[in-house]
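Engineer: Just to be clear, the model below is a prediction. Sequence and coordinates:
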Amino acid sequence: MSKVYFSLQEAESMVTKLKKKIERVAQLREEILILDNTKIFFDNANMENLLLEVQLSKNFHEKNLEMFSLITEIVQEGCIVRNIDDFEVDFYYKLKDKDIFLCWKRGELNISFWHEMTETAKQRKPIKQIQQNYYEQLKQLR
């Protein structure tokens, strides 16, 4: 799959489109953590406990499958999922002749940051820098 480049407006639109899936992934992540930390102690003579453990394991794997299926759908849209704990999503963007990422995290209202391809989300810069660059380019075209 090749890179999909987004304008800021397209990335914003994609965030809006994906929010329901992202919220479902977050919910599944929480449920998976609970199931993963659930321990059942049983004796071999109690078949109900054994069946409960099998059911919990099945539920754990079904939730993982659903979560990773949703993440796959998001990636197939051209988005890069960086972190499923904070749910960081990057979008390829062309700044002049350079590839950068527009960066969004779950809970943020819109895309307000960007970062270099070699940087992490901790090194995000305000999107206003890109917007100013765009307006300067428009002025030069006049």
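Structural biologist: Sure, I can see it. Numbering: from 1, shown residues only.

Engineer: Tell me where the protein has helices.
Structural biologist: Taking DSSP state H as the criterion, the chain contains helices spanning 8-36, 47-76, 128-141.

Engineer: May I see the ones you listed arranged in a markdown table, with distance to Glu119 as well?
Structural biologist: The C-beta positions use only the backbone N, C-alpha and C, and glycine is treated the same way. As requested, the helices of the chain are arranged in a markdown table below (distance: least, Cβ to Cβ, whole Å):
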| stretch | distance to Glu119 |
| --- | --- |
| helix 8-36 | 17 |
| helix 47-76 | 20 |
| helix 128-141 | 14 |
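
Engineer: what's the most buried one of these?
Structural biologist: Ranked by mean neighbour count under mean count of other Cβ atoms under 10 Å, the helices of the chain are led by helix 8-36, which reaches a mean of 15.

Engineer: can you give me the angle it makes with helix 47-76?
Structural biologist: The directions of helix 8-36 and helix 47-76 differ by 170 degrees, with axes from the mean of the first three to the mean of the last three Cα atoms, to 10 degrees as the criterion.

Engineer: distance between helix 8-36 and the chain's centre?
Structural biologist: Once both centres are worked out by Cα atoms, centre = their mean, to the nearest Å, helix 8-36 turns out to sit 6 Å from its chain's centre.

Engineer: what's the closest of the helices of the chain to Phe91?
Structural biologist: Checking the helices of the chain against Phe91 by Cβ to Cβ gives helix 8-36 as the closest, at 4.1 Å.

Engineer: and Ile100, which of the helices of the chain is closest to it?
Structural biologist: With respect to Ile100, and counting by Cβ to Cβ, the nearest of the helices of the chain is helix 128-141 at 8.1 Å.
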